[in-house]
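**Q** this is a predicted model, with the sequence first.
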Amino acid sequence: MQFAGSHILSVTQFERADVETIFSVADRMEPYAHRRRVTKVLDGAILGSMFFEPSTRTRVSFGSAFNLLGGEVRETTGFENSAIAKGESLYDTARVLSGYSDVIAMRHPAAGSVAEFAAASRVPVINGGDGANEHPSQALLDLYTIKKELAGRGRGIDGLRIAMVGDLRYGRTVHSLCKLLCLFDRVQVVLVSPQELRMPGEIVEDLRAAGHEALESEALEASIAHVDIVYSTRIQEERFSSQQEADLYRGRFRLNQTIYTEHCEPNTVIMHPLPRDSRETARELDDDLNDNPNLAIFRQTDNGVLVRMALFALVLDVADEVDAHARDVNWYTAGRFG
Ligand code: CP
């Protein structure tokens, strides 16, 4: 695809070569993301950051990524702080804000709303999550993390064995990750969820049409026994019609160090898009895994900055100019990044 000037709305717009391009640019962002060098390649550019649902990682890492490329960020968070609360349409909001920004990152609770906004925008729009539909930058950072974790074991994404666990019905990160895996070869996916929270059938069919093995299960321990990656997810309680309904599923699948030791192969990588639900009634990924070196959740969040820098550099067509606008830094940066 041509990245320059494009919206990033769904992983289905990518070919495998596009994903490899993003990962290659992300690799080149490491000295900047890890604060060894600074670049001003986006000096004067403005990111419009519009998050109409709660977010920590996606919102802050999009903003950090833009700042690390030398640009500035203007934020709107929550409907209550936006004129949408006064009845303004997405069309009008997009027309207005795209006059104030050079690129926009947006999260919205309704599936398809970011695409609707993008259709009216005069600048590229990156989907930061639209309802239960997609979360493309998360899937890219997840796959980038998988690639890096497996590279240390002499493995690649082709031939990956992964178990996705939890709320596969409403979890947009697993929807996007499955669609992205369809670009690769010989993947085995075990989809572990309560019956009512199964992966949407069309996504399971997409995996099978790509030649992958896609098994569905309600048994955690047997499903995580022979995989490279366990990708745990939170019950997306904000998508349920009532708290009581969400409560039926919270805590159904819990991975802790004892279960990991007893059932996983040594060095199975543990991932989660975060936030994990650390309340006593949930704990899909227990805090007692925090010292497990195979827990990659904070490597995922660090990698998110690299991947989002790469997306901005490609969409704004400066990927080959980053180094020309750079200098070394002389403040202390050692030891923060693994
Ligand atoms: N993974 C993710 O989307 O996290 P936030 O909701 O904190 O952005």
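**A** That came in fine, so what should we check first? Residues are numbered from 1 along each chain as shown.
**Q** when you work out contacts or count neighbours from here on, use the C-alpha atoms and nothing else.
**A** Will do.
**Q** phi, psi for residue 191 please.
**A** Per-residue torsions, residue 191: phi -100, psi 110 (degrees, to the nearest 10).
**Q** next, the spatially closest residue to it that is not a sequence neighbour: phi, psi?
**A** Distances taken as CA to CA, 6 or more residues apart in numbering place residue 216 nearest to residue 191, at 4.7 Å, with adjacent residues excluded. Here is the backbone geometry of residue 216 (degrees, to the nearest 10): phi -110, psi 140.
**Q** near residue 216, how many residues? Count them for me, please.
**A** Using other CA atoms under 10 Å, residue 216 has 18 neighbouring residues.
**Q** who are the contact partners of it?
**A** Neighbouring residues of residue 216 by CA atoms under 8 Å, 6 or more residues apart in numbering: 190, 191, 192, 193, 198.
**Q** pLDDT wise, what is the last one at?
**A** At residue 198, the pLDDT value in this model is 98.
**Q** tell me the spacing between it and residue 243.
**A** 19 Å (CA to CA, to the nearest Å).
**Q** so which of those two has more stuff around it?
**A** residue 198 (20 against 11).
**Q** touching, that one and residue 164? I think so.
**A** No - the pair residue 198 / residue 164 is not scored as a contact, 10.6 Å apart, by CA atoms under 8 Å.
**Q** so what sits against both of these two?
**A** 191, 192.
**Q** just checking, residue 208 is part of a helix?
**A** Yes - assessed with DSSP: H, G, I helix; E, B strand; the rest coil, residue 208 lies in a helix.
**Q** how about the residues of the chain near the ligand?
**A** 55, 56, 57, 58, 59, 273, 274, 275 (CA under 6 Å from any ligand atom).
**Q** and these, which of them are buried?
**A** 57, 58, 59, 273, 274 (16 or more other CA atoms under 10 Å).
**Q** using a markdown table, lay out those together with pLDDT.
**A** Below are these laid out as a markdown table (pLDDT from 0 to 100):
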| residue | pLDDT |
| --- | --- |
| 57 | 97 |
| 58 | 98 |
| 59 | 98 |
| 273 | 98 |
| 274 | 97 |
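**Q** can you add secondary structure and distance to residue 286 and give those residues back as TSV?
**A** Output for these, formatted as TSV (DSSP: H, G, I helix; E, B strand; the rest coil; distance: CA to CA, whole Å):
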residue	secondary structure	distance to residue 286
57	helix	20
58	helix	22
59	helix	25
273	coil	14
274	coil	13
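**Q** include distance to residue 264 when you put those into JSON lines, please.
**A** As requested, these are exported to JSON lines (distance: CA to CA, whole Å):
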{"residue": "57", "distance to residue 264": "28"}
{"residue": "58", "distance to residue 264": "30"}
{"residue": "59", "distance to residue 264": "33"}
{"residue": "273", "distance to residue 264": "20"}
{"residue": "274", "distance to residue 264": "21"}
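**Q** and the strands in the stretch 1-150 of the chain?
**A** Secondary structure of the stretch 1-150 of the chain (DSSP state E, counting those that start in this stretch): strands located at 37-39, 46-51, 72-77, 103-108, 125-130.
**Q** give me the contact list for the first one.
**A** Which is strand 37-39. 31, 32, 68, 69, 70, 322, 323, 325, 326, 327, 328, 329.
**Q** show the buried residues in the residues you listed.
**A** 32, 68, 69, 70, 322, 323, 326.
**Q** tell me the spacing between residue 240 and residue 108.
**A** 16 Å.
**Q** which one of these two has more residues nearby?
**A** residue 108 (22 against 13).
**Q** tell me who's in contact with the more buried one.
**A** 51, 52, 53, 114, 128, 129, 130, 131.
**Q** which of those residues has the largest number of neighbours?
**A** residue 129 (31 neighbours).
**Q** contacts only, for that residue.
**A** So residue 129 contacts 106, 107, 108, 109, 135, 136, 172 (CA under 8 Å, 6+ apart).
**Q** contact partners for residue 75?
**A** So residue 75 contacts 48, 49, 50, 51 (CA under 8 Å, 6+ apart).
**Q** how about 7 Å then?
**A** Contact analysis of residue 75 by CA atoms under 7 Å, 6 or more residues apart in numbering lists 48, 49, 50.
**Q** Throw those residues into JSON lines and include pLDDT, neighbour count and distance to residue 314, thanks.
**A** Shown next, in JSON lines, are these (pLDDT from 0 to 100; neighbours: other CA atoms under 10 Å; distance: CA to CA, whole Å):
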{"residue": "48", "pLDDT": "97", "neighbour count": "22", "distance to residue 314": "17"}
{"residue": "49", "pLDDT": "97", "neighbour count": "25", "distance to residue 314": "18"}
{"residue": "50", "pLDDT": "96", "neighbour count": "21", "distance to residue 314": "20"}
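**Q** nearest residue to the residue positioned nearest the centre of the chain in space, please, no chain neighbours.
**A** Nearest to the mean C-alpha position of the chain, by CA atoms, centre = their mean, lies residue 138 at 0.8 Å. Spatial nearest neighbour of residue 138, excluding adjacent residues (CA to CA, 6+ apart): residue 173 at 6.3 Å.
**Q** repeat that for residue 185.
**A** residue 158 (4.8 Å).
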